[in-house]
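Enquirer: got a predicted structure here, sequence first:
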There are 2 protein chains.
Amino acid sequence: MFLVLYSRGWSDLNSMPRLEKIEYKPIPVRELLLEMKNLSELMIDLAYSAALFNDKELAEDVLELENRVDTLAYLLEMEILIAARDVEDAEALTGVSGVASAADKISDAAADIAGIVMQNIGVHPIVSKVFEKVEERLMRTKVSEGSILVGKEIGELDLAARMGVDIIAIRRNKDWIIDPKETEQIKLSDILIARGAPSGVKEFKELAEGKLKKLED
Amino acid sequence: MFLVLYSRGWSDLNSMPRLEKIEYKPIPVRELLLEMKNLSELMIDLAYSAALFNDKELAEDVLELENRVDTLAYLLEMEILIAARDVEDAEALTGVSGVASAADKISDAAADIAGIVMQNIGVHPIVSKVFEKVEERLMRTKVSEGSILVGKEIGELDLAARMGVDIIAIRRNKDWIIDPKETEQIKLSDILIARGAPSGVKEFKELAEGKLKKLED
């Protein structure tokens, strides 16, 4: 049995997701639902940032991620259909299906905001004003030459304890790594999306841009 | 001209929002949109927590807030219609209207999750597993007798600098105070909803519960 699946990477050709026919392997429902939830939350933050900075590139990211959420929703619905063998199963699983639909709806809302940014009407000052606090907790930065982060594993940086910062996504060329593992190595030119307290986020941005050369203890 | 408006407080009678006929005063679109955005984000976090702890009371809170967002959406649409005087205005304001719709959609999604909690099917372990990380950044606690927070203004606690914590909402009896001011005084039995780094959130919870008696510098 074959399923059409999005791979983690996107093709460079036309910024459309790369489609691959891969052998069907069941992905645990829990993993699918967790990724849908995490993606939908990330998309909201990205969409707000896109609106704040009238950033079309970021808005395109959101629209790409929306495709991925749709695929996850499809796979999850399949898994649920396979898993439900009797009335009890089915009843228990309706809650899971409902949460998945909610995550899908949230990602749709993010895509709506991204769509507004993609239109050429500009972002109304009211919208910018409303989103200006977002940047206090979400940060998007590119790893520059000379940054001490290059080549480091996320785990060894101990960001949570040091500055209350969490790297929630890495964009590497056209790939997205959502909720990266502790062992993921940061590379030159990675775009990092991090969340945290304002002071920590500021410090981390300076590390990524090579302006700050030392990790404080 | 009169409009039906929700006041900040809800009646105790039947947990339905209290409706008041108040003299029409225009509320700035920016304020309406900001409250819609903040409420929709808060609702998502509350809905996740409600699902995690199978907490019907919290789920009811979410459903109540959904009513409030609907009212805000209605008022905002009215203000926009009044504000648009020509094609240029209208074009500029479609973006504002679009963002408001997105916030409304997000709050609908939160209400969907709350609705699942309100059904008596229990929350599936998969859903609990997926939401278990939420509590790391969102905290809901009741101010207990003996807590040093009682009678303090939020501003004087200096929570952001001290422990990276932000009080995002207070539930006082049936009232909700969203994004409370620095001058808001914390009262005994307030339910506080705070966001922040795990360590700070833990410390703050202990302060609210009276287990920790001193603010660290």
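Expert: Perfect, I can see it now.
Enquirer: tell me how chain A divides into domains.
Expert: Split into domains by automatic domain parsing, chain A comes to A:2-129, A:137-208.
Enquirer: so the shortest one, near chain B or not?
Expert: Yes. Using C-beta under 8 Å from any C-beta of the partner chain, a contact is recorded between domain A:137-208 and chain B, made by A:160, A:164, A:196-200. (C-beta placed from N, C-alpha, C; glycine too.)
Enquirer: weakest of the domains of chain A in terms of mean pLDDT?
Expert: The weakest mean pLDDT among the domains of chain A belongs to domain A:2-129, with a mean of 79.
Enquirer: from the chain's centre, how far out does it sit?
Expert: In terms of C-alpha atoms, centre = their mean, to the nearest Å, the centre of domain A:2-129 is found 9 Å from the chain centre.
Enquirer: ok, and does it reach over to chain B?
Expert: Yes. Counting by C-beta under 8 Å from any C-beta, contacts between domain A:2-129 and chain B involve A:29-30, A:33-34, A:37, A:41, A:44, A:47, A:51, A:91-96, A:98-99, A:101-103, A:105-106, A:108-110, A:112-113, A:115-116, A:119, A:121-124, A:126-127, A:129.
Enquirer: what angle do the longest helix anywhere in chain A and helix B:87-118 make?
Expert: Counting residues, the longest helix found in chain A (DSSP state H) is helix A:87-118. Here helix A:87-118 runs at an angle of 160 degrees relative to helix B:87-118 (axes from the mean of the first three to the mean of the last three C-alpha atoms, to 10 degrees).
Enquirer: what element comes up after helix A:87-118 heading to the C-terminus?
Expert: Counting by DSSP states H and E, the next helix or strand C-terminal to helix A:87-118 is helix A:125-131.
Enquirer: how about the very next helix or strand once past that following helix: buried residues?
Expert: Downstream of helix A:125-131, the first helix or strand assigned by DSSP H and E is strand A:138-142. For strand A:138-142, the neighbour count (16 or more other C-beta atoms under 10 Å in any protein chain shown) marks A:138-141 as buried.
Enquirer: tell me which of those is nearest to chain B?
Expert: Here the nearest of the buried residues of strand A:138-142 to chain B, counting by C-beta to the nearest C-beta, is A:L138; it sits at 12.0 Å.
Enquirer: about what we covered before: between the residues of domain A:137-208 next to chain B, which has the most around it?
Expert: Among these, the one with the most neighbours (other C-beta atoms under 10 Å in any protein chain shown) is A:G196, at 26 neighbours.
Enquirer: run through the residues that contact the closest residue to A:L33 other than its chain neighbours.
Expert: The shortest distance from A:L33 to any non-neighbouring residue, by C-beta to C-beta, 6 or more residues apart in numbering or on different chains, is to B:V130 (4.9 Å). Counting by C-beta atoms under 8 Å, 6 or more residues apart in numbering or on different chains, B:V130 touches A:30, A:33-34, A:37, A:99.
Enquirer: so which of those comes closest to A:Y74?
Expert: A:L33 (13.1 Å; C-beta to C-beta).
Enquirer: how many neighbouring residues does that closest one have?
Expert: Quick note: A:L33 (other C-beta under 10 Å) scores 26 neighbours.
Enquirer: mind telling me what element it is part of?
Expert: A:L33 belongs to helix A:29-53, assigned by DSSP H and E.
Enquirer: and if you look at A:L58?
Expert: Assignment of secondary structure by DSSP H and E places A:L58 within helix A:56-83.
Enquirer: how about that helix: buried residues?
Expert: Buried residues in helix A:56-83, defined by neighbour count with 16+ other C-beta under 10 Å: A:58-59, A:61-66, A:68-73, A:75-76, A:78-80.
Enquirer: return the residues in contact with the nearest residue to A:L72 once chain neighbours are set aside.
Expert: Spatial nearest neighbour of A:L72, excluding adjacent residues (C-beta to C-beta, 6+ apart): A:M36 at 5.0 Å. Contacts for A:M36 were tallied using C-beta under 8 Å, 6+ apart; they are A:69, A:72-73, A:76, A:100, A:103-104, A:107.
Enquirer: need the residues of domain A:137-208 next to chain B in TSV with secondary structure, can you?
Expert: What follows is the residues of domain A:137-208 next to chain B, written out as TSV (DSSP: H, G, I helix; E, B strand; the rest coil):
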residue	secondary structure
A:A160	helix
A:G164	coil
A:G196	strand
A:A197	coil
A:P198	helix
A:S199	helix
A:G200	helix
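Enquirer: A:A100 and A:E77 touch, don't they?
Expert: Yes. With contact defined as C-beta atoms under 8 Å, A:A100 reaches A:E77; the gap is 7.4 Å.
Enquirer: so what sits against both of these two?
Expert: In contact with both A:A100 and A:E77: no residue, using C-beta under 8 Å, 6+ apart.
Enquirer: closest to B:D175 among the buried residues of strand A:138-142?
Expert: For these, the nearest to B:D175 is A:L138 (29.9 Å; C-beta to C-beta).
Enquirer: so the closest one bridges to which residues?
Expert: A:R195 (DSSP bridges).
Enquirer: for it, give me its contacts.
Expert: A:45-46, A:48-49, A:193-195, A:201.
Enquirer: now do the nearest residue to A:I27 once chain neighbours are set aside against B:V127, distance only.
Expert: Nearest residue to A:I27, sequence neighbours excluded (C-beta to C-beta, 6+ apart): A:L75, at 6.3 Å. Distance from A:L75 to B:V127, counting by C-beta to C-beta, to the nearest Å: 17 Å.
Enquirer: ditto for A:I193
Expert: 26 Å.
Enquirer: higher neighbour count, those two?
Expert: When neighbours are counted by other C-beta under 10 Å, A:I193 and B:V127 differ, and B:V127 comes out ahead with 27 against 22.
Enquirer: residues contacting the more buried one?
Expert: A:33, A:95-96, A:99, B:51-52, B:116.
Enquirer: just give me the closest of those to B:G146.
Expert: Looking across the contacts of B:V127 and measuring by C-beta to C-beta, the closest to B:G146 is B:L52, at 27.9 Å.
Enquirer: burial count for the closest one?
Expert: Residues lying near B:L52 (other C-beta under 10 Å) number 21.
Enquirer: now it. Nearest residue, chain neighbours left out?
Expert: B:F131 (4.2 Å).
Enquirer: I figured that neighbour hits A:K37, correct?
Expert: Yes. The criterion here is C-beta under 8 Å, and B:F131 meets it with A:K37 at 7.5 Å.
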